[in-house]
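Enquirer: sequence first, predicted model second:
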Amino acid sequence: MKLQLALDELPLDDALALAESVRDYVDIIEIGTPFVIARGMDAVRRFRERFPEKEILSDEKIMDGGYFESQLAFNAGADYVTALGVTDILTVKACLRAAQESGKQLVIDMICVDDLPSRIAELEAAGVKNLAVHTGADQQAAGRQPIEDLKVMKKHARHATISVAGGINSRTIHHYVEQQPDVIIVGSAITKADDPVQEARLIKTAMQGASHA
Ligand SMILES: O=C(CO)[C@H](O)[C@H](O)COP(=O)(O)O
């Protein structure tokens, strides 16, 4: 089980310093969507250079122009790019083509997908290998959490790896660990913590405890 650190709202230098401070606990560094909008692929390049041993994910949430936008991420050094599960299957296939040509990976973010079981089946049939359950920040503000969608995903995904995101923190991590996703994504719980290192350590420890159980 991997821990993915989502860097969404920090300035570049602060994000680099934060990632450095929790380096020991993080497997994948996500250049979050607001970060991509603010700093573009320069942010991906900077993290690629600074963290050569980590996997880097460019959270572009691609909705159109799948081939070109995926190539931007992969050419900048990302190991993963994200596209939206609600987009046209043609866009998904274009992202997959770019990923295959680069030897990199596509993750489909299932935020706002209404019929998860049907879409999971369609995406897996198209060749998608990584699916992410996601309750967005605005949905979280309305009291939603990703745990029920994660259970649906675990039941219906046949081959894909499963990530989960949406307000997960050291107090709720055990609910997610119990479901055994492949990747747990944590953003604000770490980046906005009074003590980000302690929060990352608690989360990683909970994940490792489950792996060894
Ligand atoms: O993709 C995202 C926002 O679109 C976030 O990176 C993801 O939801 C994780 O952040 P948080 O733990 O703060 O919810």
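Expert: Ah, there it is.
Enquirer: what does the chain put close to the ligand?
Expert: Contacts of the chain with the ligand, taken as CB under 6 Å from any ligand atom, map to 6, 8, 30, 32-33, 59, 134, 136-137, 165-168, 185-189. For the C-beta atoms, the positions are set from N, CA and C on the backbone; glycine is no exception.
Enquirer: return the subset of those lying in helices.
Expert: 33, 137, 188-189 (DSSP state H).
Enquirer: re earlier: are any of the residues of the chain next to the ligand buried, and which?
Expert: Of the members of those, the ones counted as buried by neighbours, 16 or more other CB atoms under 10 Å, are 6, 8, 30, 32-33, 59, 134, 136, 165-168, 185-187, 189.
Enquirer: of those, closest to V22?
Expert: Taking CB to CB as the measure, V22 lies nearest V186 of those, at 9.9 Å.
Enquirer: what sits closest to the closest one if chain neighbours are left out?
Expert: Distances taken as CB to CB, 6 or more residues apart in numbering place I168 nearest to V186, at 5.3 Å, with adjacent residues excluded.
Enquirer: what's the first helix or strand after the strand ranked longest in the chain?
Expert: Criterion DSSP state E: the longest strand present in the chain is strand 55-62. Sequence order places helix 66-75 as the next helix or strand after strand 55-62, per DSSP states H and E.
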